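> Test case, fold it:
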Amino acid sequence: MFFFSKLKRTQNQFKTGTGDKSVRSDITISVPFKSLVSSIKNLTYEEKVGLLEAIEEQLEQELMQRNPLIQQEIEEARSAYKIGDYVTLDEYKARNKERLL
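Coordinates of the predicted model:
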């Protein structure tokens with residue numbers, strides 16, 4: 001099993017009299033999964049926590065995209081927003097002032 005990652009980087013390719021021109025290039029690398037796991041073992045605690053947070057964020061986004069019910073709710077919310085059927089946070093706080101204390 002391999003871990004694939006697409007790295008995005010921007011390089012200053014050349015300079016002209018009008019300013020810097022940048023070129024974006026994508027690089028795909030593959031790392032054997034065992035090597036990836038082994039590398040993770042060598043991270044500091046703080047680095048592991050940061051990695052875990054990044055993975056959890058990506059998983060959450062992926063799960064939301066794969067869940068048809070969530071997608072339907074998002075579309076309903078967008079439709080309501082387009083026609084003005086929404087309440088701003090300030091309006092909600094004002095209406096529910098006592099309940100929020």
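
> Could you use CA atoms for every contact and neighbour count after this?
Will do.

> can I see the domain layout of this structure?
1-42, 43-101 (automatic domain parsing).

> Now mean pLDDT and mean neighbour count too, for those domains, in TSV please.
Listed next are the domains of the chain as TSV, based on pLDDT from 0 to 100; neighbours: other CA atoms under 10 Å:
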stretch	mean pLDDT	mean neighbour count
domain 1-42	67	10
domain 43-101	92	11
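
> what about the longest helix in this structure?
Secondary structure assigned by DSSP state H gives helix 45-66 as the longest helix of the chain.

> residues making contact with it?
I40, I70, Q71 (CA atoms under 8 Å, 6 or more residues apart in numbering).

> Just the CA coordinates for stretch 92-101, please, in PDB.
Taking Å, rounded to 0.1, in the frame of the first residue of the first chain, the C-alpha atoms of stretch 92-101 are listed here in PDB:
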ATOM      1  CA  TYR A  92     -30.700  35.600  16.600                       C
ATOM      2  CA  LYS A  93     -28.900  36.900  19.700                       C
ATOM      3  CA  ALA A  94     -31.300  39.800  20.000                       C
ATOM      4  CA  ARG A  95     -34.300  37.500  19.700                       C
ATOM      5  CA  ASN A  96     -32.900  35.000  22.200                       C
ATOM      6  CA  LYS A  97     -31.200  37.300  24.600                       C
ATOM      7  CA  GLU A  98     -32.600  35.900  27.800                       C
ATOM      8  CA  ARG A  99     -32.200  32.300  26.800                       C
ATOM      9  CA  LEU A 100     -28.500  32.900  25.900                       C
ATOM     10  CA  LEU A 101     -27.600  34.300  29.300                       C
END
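
> Regarding V87, what is its secondary structure?
coil (DSSP: H, G, I helix; E, B strand; the rest coil).

> Please tell me how far it sits from K48.
40 Å (CA to CA, to the nearest Å).

> Would you format the contacts of helix 45-66 as TSV with distance to A80 and secondary structure included?
As requested, the contacts of helix 45-66 are arranged in TSV below (distance: CA to CA, whole Å; DSSP: H, G, I helix; E, B strand; the rest coil):
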residue	distance to A80	secondary structure
I40	44	helix
I70	15	helix
Q71	14	helix
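
> Give me the distance between the helix or strand where R99 lies and the centre of its chain.
Element membership for R99 (DSSP states H and E) is helix 97-100. From the chain centre to the centre of helix 97-100 is a distance of 33 Å (CA atoms, centre = their mean, to the nearest Å).
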